[in-house]
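J.: quick one, structure for this:
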Amino acid sequence: MQKKRLAPEGGRDDQIRRTARVLEIIQQIATAPGYWSRKQLSEHHQVGERMIQKDLELIRYRLGLTLVHDGSGYCFERLPHLPTTTYSFAEALALLAAARAAQALPGINSAELAAAIARLESIFPDELRATLREATEQLPERAAKAHRQKMLSLLHRAEVERRPVSIHYLTGSRGGRGRTRTVEPYALMPYGRSWHLIAFDHHRQTVLQFKVDRVQEATLLEGRYEIPREFDLNAYLGDAWGLMRGAAGEPEHVVLLFRPQAGRWVAEEQWHHSQQSEELPDGHIQVEFFVGVTPEMVRWLLYYGPDVTVVAPDWLREAVLAEHRVALEKQEATYHAS
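T.: Numbering: from 1, shown residues only. Take a look at the predicted model:
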């Protein structure tokens with residue numbers, strides 16, 4: 001069967017960024033099968049879910065990797081066999097990226113490093129080499145993103161190992177100054193373009209939310225903790241959409257009707273614990289929630305544009321339409337002004 005060809009998007013810099021992102025997505029899925037959903041990848045890479053969907057299609061059709069969704073997240077049925085090394089696919093990919101980055105460091109023997117890079121490239125299948133070379137030669141450096149990933153990795157380890165963490169945390173109420181506190185991680189959750197840590201705070205003696213980007217330093221501590229049996233994450237978050245508990249209205253029945261393609265994307269993700277999805281005879285997807293609507297949910301609906309219709313409640317449908325009208329009026333004003 002002929003593989004689907006995807007047309008390049010944007011200029012060379014955009015292509016390099018996209019290629020680097022695709023390679024990172026491959027590595028993320030390879031190292032954590034079933035963990036990464038499309039929504040989580042979108043939050044992590046700070047791009048829209050439609051772009052992530054295109055990236056996943058590129059991985060499936062252009063690179064020929066057997067990417068599947070197991071109900072909770074993406075995984076590979078099999079990865080390319082690397083016959084000349086004991087490294088896994090993800091390990092070799094990480095080594096190649098690190099070797100490319102090391103080329104910019106002073107005091108590195110460039111000839112030896114170039115030979116090492118050539119050996120690493122040679123173990124990948126032919127169809128991947130050009131993509132790998134283009135991406136790893138000009139990987140964008142993003143210090144803030146690297147720091148976030150470092151903090152997420154350490155906090156995730158603490159959550160898995162049930163070890164308390166000492167964090168130096170910046171708060172807006174202290175004029176940008178930080179405070180060191182000891183916390184016990186209960187959950188890490190994506191929210192908007194950031195991640196939030198839900199943890200028990202030793203000083204306040206209660207469960208609090210911390211924005212991961214405000215964690216300046218983190219250190220694993222000795223000892224172990226247990227999450228209380230009575231703690232329920234869904235109950236803590238309440239029936240609100242997302243993490244904006246204080247901005248939510250009273251829970252109510254929300255019914256949405258999605259066009260077939262967008263509906264399939266929505267239905268494969270768990271957006272809220274009350275979610276129920278059903279494919280209708282005409283192919284449209286009906287999704288229902290019992291949820292406290294937040295501004296975040298309204299923005300989520302706006303993202304899908306004409307692909308979604310709010311069936312109920314009436315006030316939410318009118319709110320979404322009003323936001324669309326405002327956006328249209330702004331576009332028309334900009335057009336006439338030019």
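J.: apart from its neighbours in sequence, what residue is nearest Gln209?
T.: Take Gln209 and drop its neighbours on the chain: the residue closest to it by C-beta to C-beta, 6 or more residues apart in numbering is His196, 5.1 Å away. In this view, the C-beta of every residue, glycine as well, is placed from N, C-alpha and C.
J.: assign the one you found to helix, strand or coil.
T.: strand (DSSP: H, G, I helix; E, B strand; the rest coil).
J.: pull the number of nearby residues for it.
T.: For His196, the tally of surrounding residues (other C-beta atoms under 10 Å) stands at 18.
J.: which neighbouring elements make contact with the longest helix seen in the chain?
T.: Using DSSP state H to define each element, the chain has its longest helix at helix 314-337. On a contact count with 3 or more C-beta pairs under 8 Å, 6 or more residues apart in numbering; DSSP states H and E, helix 314-337 meets helix 295-303, strand 308-312.
J.: can you tell me what sits against it?
T.: By C-beta atoms under 8 Å, 6 or more residues apart in numbering, the residues outside helix 314-337 that reach it are Val254, Val293, Val298, Leu301, Leu302, Gly305, Thr309, Val310, Val311.
J.: quick check on the residues you listed: which are buried?
T.: For those, a burial check counting by 16 or more other C-beta atoms under 10 Å picks out Val254, Val293, Val298, Leu301, Thr309, Val310, Val311.
J.: correct me, but the second one touches His253?
T.: Which is Val293. No. The criterion here is C-beta atoms under 8 Å, and Val293 misses it with His253 at 10.8 Å.
J.: can you map out the strands along the chain?
T.: 67-69, 74-76, 165-170, 178-191, 194-201, 206-211, 215-220, 252-258, 276-279, 285-291, 308-312 (DSSP state E).
J.: so what does the last one touch, helix or strand wise?
T.: Going back to what we said before, that points to strand 308-312. Counting by 3+ C-beta pairs under 8 Å, 6+ apart, strand 308-312 packs on strand 252-258, helix 314-337.
J.: and that strand, which strands flank it?
T.: Partner strands and pairing direction for strand 308-312 (DSSP bridges) are strand 252-258 (antiparallel).
J.: just the fifth one next, same as before
T.: When pairing is defined by DSSP bridges, strand 194-201 lines up against strand 178-191 (antiparallel), strand 206-211 (antiparallel).
J.: then the third one?
T.: In the sheet containing strand 165-170, the strands it pairs with under DSSP bridges are strand 178-191 (antiparallel), strand 215-220 (antiparallel).
J.: just send the buried ones among the contacts of helix 314-337 back as a markdown table, with distance to Asp232 and pLDDT too.
T.: Below are the buried ones among the contacts of helix 314-337 laid out as a markdown table (distance: C-beta to C-beta, whole Å; pLDDT from 0 to 100):
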| residue | distance to Asp232 | pLDDT |
| --- | --- | --- |
| Val254 | 22 | 95 |
| Val293 | 22 | 86 |
| Val298 | 26 | 88 |
| Leu301 | 27 | 90 |
| Thr309 | 33 | 95 |
| Val310 | 29 | 96 |
| Val311 | 30 | 96 |
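J.: which of the residues you listed lies closest to Val207?
T.: The closest of those to Val207 turns out to be Val293 (C-beta to C-beta; 23.9 Å).
J.: give me phi/psi at that closest one?
T.: Note on Val293: its backbone torsions stand at phi -70, psi 130 [degrees, to the nearest 10].
J.: how near is it to Leu316?
T.: Relative to Leu316, Val293 is positioned 6 Å away (C-beta to C-beta, to the nearest Å).
J.: what's the overlap in contacts for the two?
T.: Residues touching both Val293 and Leu316 (C-beta under 8 Å, 6+ apart): Val254.
J.: ok, the closest residue to Leu256 other than its chain neighbours - contacts?
T.: When the adjacent residues along the chain are set aside, Leu256 lies closest to Val287, with 4.7 Å between them (C-beta to C-beta, 6+ apart). For Val287, the contacting residues are Val255, Leu256, Phe258, Gly263, Val266, Ala267, Gln275, Gln276, Ser277, Glu278, by C-beta under 8 Å, 6+ apart.
J.: fine by me, we can end here.
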